[in-house]
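J.: Model the following, please.
(2 chains)
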Amino acid sequence: MKNMKKKDILFCIVLLILPIFLNNYWTDVMVNIGFYAILGLSLNIILGYCGLFHMGHAAFYAIGAYTAAILNTKFNVPIFALVPLGGLFAGLLAAIIAKPIIHLRGDYLLIVTIGIVEIVRITLVNNIFGLTNGANGIFGIDRPNLFGFVIKTRTHFYYLIFAFAAITVYLFYQLENSRFGRALFYIKEDEVAAEGSGIDIAKYKLLAFVIGAVWAGMLGVIYSSNMLIICPESFNFWESVILFTIVLIGGSGNIKGVILGAFLIVGLPEIFRELATARMLVFGAAMIIMMIFRPEGILPVKRKIYKYENFE
Amino acid sequence: MNLLSLKNTSKTFGGLIAVNNVSFDIEGGSIVGLIGPNGAGKTTTFNLITGNYKSDPGSEIRFKGIDIMGLPTHKIVSLGIARTFQTIRLFQNMSVIENVLAGRHIQMKSGVFSSLFHSKKQREEERLNFKKALQELDFVGLKESANELAKNLPYGKQRLLEIARALATEPELVILDEPAAGMNNQETSELVQIIREIQKRNITVFLIEHDMSLVMRVCEKIIVVEYGAKIAEGKPKEIQNNERVIKAYLGEE
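T.: Sure, this is the predicted structure:
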């Protein structure tokens, strides 16, 4: 908190008062950006910090959302009580499926994670154990209820999601500058040297996966209560690609970069909606140019400068 | 008791015998050199000790009496063997102090939750380990560069940084793979000084080096390998006069 710069504080204030000036449509766009920003940050732990090419993040998001939808519609469990549970289930799934594939490198891991997101989607479509209601999805999910206050308008959700984002940014910033966060960066930089320095790389890769999944799962719960209806198509491969792009374009490993990425990838197409089909063309071209001239992302990782008095 | 002992250790890659039935002991507190012509299997031997490669069946590698064959590298590091690499392997885009902190990893305990929430204990641990990391940087003379990126250091200093990172794990045995490669005379003499200082800290040094003047100056014992097999072992003087060694290096008339 002490390390916040003036422009960061300004950015927070703008976010805080922004809904006053926005109509319902644009507030909803902002809510959407918030969702993607948090999802991007959770993927950033796996892809940005640890350097694992994971393109199946929507699978964990889906687990959280379906956990909420099923338990809420069948047993009336309140949404906020389901947030940790959604995270738990997504984390468990991540632990189970990541364990055998964690040693895979680069593109090999990428292919397997694409498989994961497809398997999860098809499982949901096939109405597994009669729980997921197939391709129609589940509807009738409750709104979140905060001590009697029902969160239902766009503006309510705006504040809910950006509060969630603020907590996420704060915690992940702490994570970056800790033994755990550094271990992930070491693995991304050089696996052999990391292992040779005594870091159990298999364990840390798995933990990165689990934390990223827990966060996506928790957010999935809120997503289901935002949409009220969820279906398997909300968690398809394309969603995973968008998340992957947000992290890479924004600046993988950099929290601010990922947030910027969410604004660009989700927000810009909305602004240029009048251009209809041409906007995707422009968008694609912009992305190619980016990857050629700034492959490390718009905001690359900047390591913390340690002051001597911090540790003397 | 010997700190490290290899018995009949071999490693084959397909049909190639990289290390052939090598046995030797390293006494605690000594400085031992491993020399031999290019491709003799020196680095492979190091990789067998540190667990980067798995030795062939029938081999035996013991550290402090513990059988370390088949253990993963990070376990071997936590038992007390640290190493540097022949081709420099630093975390290039991270700061110098963070590179040394990698070595502190096994001496620290904080897990995911204390890392997320920065508990009081975690902050205390961070402070303490920064201090230790800084001491190691000071030891190799890099304290002033603590906040520079590792990749911006000159070559010789990068080698020293690798040594600092290895020492930060608080090892009992440190394995240096060609520490003087790419260093000029001035830097090499500083390195000799550092290696002697390491010994004074009661850390055993085992090194591969092609710079013979360095090897003869600092090593108390030298092991010579050729085509994967040990051909000689002894004090520097003995090695210098050993006919097989001379043949291996200079060829036969």
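J.: The stretch 101-250 of chain A: helices as residue ranges?
T.: Shown for the stretch 101-250 of chain A, the helices assigned by DSSP state H, counting those that start in this stretch span residues A:106-125, A:154-176, A:179-189, A:191-196, A:201-227, A:237-250.
J.: Please name whichever of these is nearest to residue B:217.
T.: With CB to CB as the measure, helix A:191-196 is the member of the helices of the stretch 101-250 of chain A nearest residue B:217 (27.1 Å). Quick note: C-beta positions are derived from backbone N, CA and C, even for glycine.
J.: by contact count, what packs against that closest one?
T.: Packing partners of helix A:191-196 (3 or more CB pairs under 8 Å, 6 or more residues apart in numbering or on different chains; DSSP states H and E): helix A:179-189, helix A:201-227, helix B:73-79.
J.: 6 Å instead?
T.: helix A:201-227, helix B:73-79 (3 or more CB pairs under 6 Å, 6 or more residues apart in numbering or on different chains; DSSP states H and E).
J.: can you list the residues of chain B near chain A?
T.: By CB under 6 Å from any CB of the partner chain, the residues of chain B that approach chain A are B:73-74, B:77-78, B:83, B:89, B:91, B:94-95, B:97, B:102-103, B:105-106, B:108, B:110, B:112, B:115-116, B:118, B:127, B:130-131, B:147, B:169.
J.: ok, for the residue nearest the centre of chain A, nearest residue in space, not its chain neighbours?
T.: Centroid-nearest residue in chain A, with CA atoms, centre = their mean: residue A:39, separated by 1.1 Å. The shortest distance from residue A:39 to any non-neighbouring residue, by CB to CB, 6 or more residues apart in numbering or on different chains, is to residue A:243 (5.4 Å).
J.: Residue B:6 falls within a strand, correct?
T.: Yes. With DSSP: H, G, I helix; E, B strand; the rest coil as the criterion, residue B:6 is located in a strand.
J.: For stretch B:136-150, list the C-alpha coordinates in PDB.
T.: Provided in PDB are the C-alpha atoms of stretch B:136-150 (Å, rounded to 0.1, in the frame of the first residue of the first chain):
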ATOM      1  CA  GLU B 136      27.300 -13.400   0.300                       C
ATOM      2  CA  LEU B 137      27.400 -10.700  -2.300                       C
ATOM      3  CA  ASP B 138      29.900  -8.800  -0.200                       C
ATOM      4  CA  PHE B 139      31.900 -12.000   0.100                       C
ATOM      5  CA  VAL B 140      32.400 -12.200  -3.700                       C
ATOM      6  CA  GLY B 141      32.700  -8.400  -4.000                       C
ATOM      7  CA  LEU B 142      29.400  -7.700  -5.700                       C
ATOM      8  CA  LYS B 143      27.500  -5.800  -2.900                       C
ATOM      9  CA  GLU B 144      27.400  -2.600  -4.900                       C
ATOM     10  CA  SER B 145      25.700  -4.300  -7.800                       C
ATOM     11  CA  ALA B 146      22.800  -5.800  -5.700                       C
ATOM     12  CA  ASN B 147      20.100  -4.000  -7.700                       C
ATOM     13  CA  GLU B 148      21.500  -4.400 -11.200                       C
ATOM     14  CA  LEU B 149      20.000  -7.000 -13.500                       C
ATOM     15  CA  ALA B 150      22.100 -10.200 -13.600                       C
END
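J.: Average pLDDT for that stretch, rounded please.
T.: Averaged over stretch B:136-150, pLDDT sits at 93.
J.: List the contacts of it.
T.: A:305, B:90, B:92, B:95-97, B:99-100, B:160, B:163-164, B:167-168, B:194 (CB atoms under 6 Å, 6 or more residues apart in numbering or on different chains).
J.: mind listing what's buried in it?
T.: B:136, B:137, B:139, B:140, B:142, B:143, B:145, B:146, B:149, B:150 (16 or more other CB atoms under 10 Å in any protein chain shown).
J.: Can you flag which of those residues belong to helices?
T.: Those of these mapping onto helices are B:136, B:137, B:139, per DSSP state H.
J.: on that earlier part again, show me which pair in the contacts of stretch B:136-150 is furthest apart.
T.: Greatest spatial distance among the contacts of stretch B:136-150 (CB to CB): A:305 and B:194, at 26.9 Å.
J.: The two: who's more crowded?
T.: residue B:194 (19 against 10; other CB atoms under 10 Å in any protein chain shown).
J.: Not counting its neighbours along the chain, what's nearest the more buried one?
T.: Per CB to CB, 6+ apart, closest to residue B:194 is residue B:140, 6.0 Å.
J.: Could you do residue A:121 as well?
T.: Spatial nearest neighbour of residue A:121, chain neighbours left out: residue A:232 (5.0 Å); criterion: CB to CB, 6+ apart.
J.: Pull the contacting residues for the one you found.
T.: Going by CB under 6 Å, 6+ apart, the list of residues near residue A:232 reads A:121, A:124, A:125.
J.: let's see 10 Å
T.: A:62, A:66, A:120-127, A:132-137 (CB atoms under 10 Å, 6 or more residues apart in numbering or on different chains).
J.: Take those residues and, keeping just the buried ones, write it as a ChimeraX select command.
T.: A single ChimeraX command selects the buried members of the contacts of residue A:232 (16+ other CB under 10 Å):
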select /A:62,66,120,121,123,124,125,132,133,137
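J.: And the contacts of residue A:232, which two are furthest apart?
T.: A:120 and A:136 (17.1 Å).
J.: Report how many residues lie close to the residue lying closest to residue B:76 once chain neighbours are set aside.
T.: Leaving aside its chain neighbours, residue B:76 sits nearest to residue B:51 (4.7 Å; criterion: CB to CB, 6+ apart). Counted with other CB under 10 Å, the neighbours of residue B:51 add up to 22.
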